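1. pasting the sequence and the predicted model now:
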Amino acid sequence: MEGSERREKLLDILKNSKEPVSGSELAGKLGVSRQVIVQDIALLRAVNKNILSTTKGYILYYQESQKVNRCFLVKHTTEQIEDELLTIVDNGGKVLDVIVSHEIYGEISTNLIISNRQDVYDFAMKIKQKKTVPLKELTDGIHLHTVEADTETILDNIEAALRRKNYLLTFGHDIDKIT
């Protein structure tokens, strides 16, 4: 199978999947190595295919036009990650990413695509099992999440819930006190 045909099949697999598909699974289905899949994904992204790489695998992402999003600046401990993410999804939000601003490396971000409690539990379990350091640890716990929701009211409710739990920072005011 030629590269262009393989990439079309790869896109078809992603289009027909509601969940992320791992690179290993894609490689198995297409009879190539995982490295070939990584290269194919890069080529597809270069022609404006919106393929996100998440902790669970690759997903073709379409942002629905009626959805709204907002960035929340937050700070919490590693032990509070699960509670923070549950606060967002339980209030109707979808956590699209995590972003930190590192003094040496600049902005570092990764897609999360966490939209329900199971996604939160899976993410928290992966952190514990892999004994990895969350990205927020590079910046003393301070990070951003882009959150998507159906309405501005839902985003307002998420903001209020994060504020009640003292996770929410205010751009400018709280940052000036920390730095």
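-> That came through fine.
2. where in the protein is pLDDT low?
-> Applying pLDDT under 70 to the chain picks out residues 48, 62-65, 133-135, 137-138, 171-179.
3. could you verify that Ile37 is part of a helix?
-> Yes: according to DSSP: H, G, I helix; E, B strand; the rest coil, Ile37 belongs to a helix.
4. which residues of the chain fall in helices?
-> Using DSSP state H, the helices of the chain run over 3-15, 23-30, 34-46, 81-90, 117-130, 152-164, 173-178.
5. relative to His145, which of these is closest?
-> helix 81-90 (7.1 Å; CB to CB). In short, each C-beta sits where N, CA and C put it, glycine included.
6. buried residues of stretch 36-55, list them for me.
-> Residues of stretch 36-55 classed as buried by neighbour count (16 or more other CB atoms under 10 Å): Val36, Ile37, Asp40, Ile41, Leu44, Ile51, Leu52, Ser53, Thr54, Thr55.
7. kindly reformat these as a markdown table containing distance to Thr110.
-> Converted to a markdown table, these look like this (distance: CB to CB, whole Å):
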| residue | distance to Thr110 |
| --- | --- |
| Val36 | 23 |
| Ile37 | 18 |
| Asp40 | 20 |
| Ile41 | 15 |
| Leu44 | 19 |
| Ile51 | 14 |
| Leu52 | 10 |
| Ser53 | 8 |
| Thr54 | 8 |
| Thr55 | 8 |
